[in-house]
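J.: sequence below, structure please.
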Amino acid sequence: MTTAILSKEVADFKKGIEDIVEVLKNTDEKTLYVKPSDTEWSAMQVVSHILEAVEFWVADLEALLIVPGAKWGRNHEHVRRLAAVEESVVAQLSKEGAIAAIQNLVPKVEAALAKVNEEDLAKTAPSYNPNFDGKPLSFLIDHLIVKHVVGHYGQIVRHLKKVQ
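T.: Numbers count the residues shown, from 1 in each chain. Here you go, the predicted structure:
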């Protein structure tokens with residue numbers, strides 16, 4: 001059962017990454033840095049956020065496998081989360097570098113999910129984010145890694161339509 005669940009998660013994650021890569025490849029590099037408005041991220045800010053967030057959540061997942069029940073997560077004010085979308089940081093990320101980095105997330109996620117056993121999926125732990133407190137490990141995988149990437153793909157597409 002777990003193999004089928006995690007295989008679907010890996011497949012959905014890979015598809016989300018492939019979709020993002022396709023959009024990046026087919027978009028003029030300068031356009032990727034244009035913000036649709038003062039309150040919205042550019043496509044490249046979204047990509048930078050994805051890179052930081054997936055790394056963060058994979059590290060949390062692996063830590064929870066080692067120390068079940070440990071407090072995990074973060075809120076929207078987390079310093080690394082905020083730094084990842086700073087325009088000065090994003091400006092240093094090239095289109096080619098972003099594509100390579102985002103593609104490199106796939107083997108990292110596959111390796112982390114390969115460590116997860118069926119019984120791990122139901123384990124819960126307190127969280128620094130009250131909205132995630134007591135959520136099972138399956139939530140971290142499904143919502144914070146897989147659906148997070150898929151959702152941001154849609155955001156990138158919407159933002160690019162506004163600026164092109």
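J.: so how far is the helix or strand bottoming out on mean pLDDT in the chain off the chain centroid?
T.: Using mean pLDDT, DSSP states H and E, helix 79-84 stands out as the lowest-scoring helix or strand of the chain, at a mean of 78. Its chain's C-alpha centre and that of helix 79-84 lie 13 Å apart, by C-alpha atoms, centre = their mean, to the nearest Å.
J.: which residues sit against the helix or strand following that helix?
T.: Using DSSP states H and E, the helix or strand that follows helix 79-84 in sequence is helix 87-90. Contacting residues not belonging to helix 87-90 are listed as Tyr33, Ser42, Met44, Gln45, Ser48, Ala83, Ala84 [C-beta atoms under 8 Å, 6 or more residues apart in numbering]. No exception for glycine: its C-beta is placed from N, CA and C like everyone else's.
J.: what of stretch 137-144?
T.: By C-beta under 8 Å, 6+ apart, the residues outside stretch 137-144 that reach it are 5-6, 9, 53, 57, 60-61, 64, 72, 113, 116, 120-125, 132.
J.: these two touch, right, Leu64 and Ala125?
T.: Yes. When contacts are counted by C-beta atoms under 8 Å, Leu64 is listed as touching Ala125 (6.1 Å).
J.: I'd assumed Trp41 was in a strand, is it?
T.: No. Secondary structure of Trp41 (DSSP: H, G, I helix; E, B strand; the rest coil): coil, not part of a strand.
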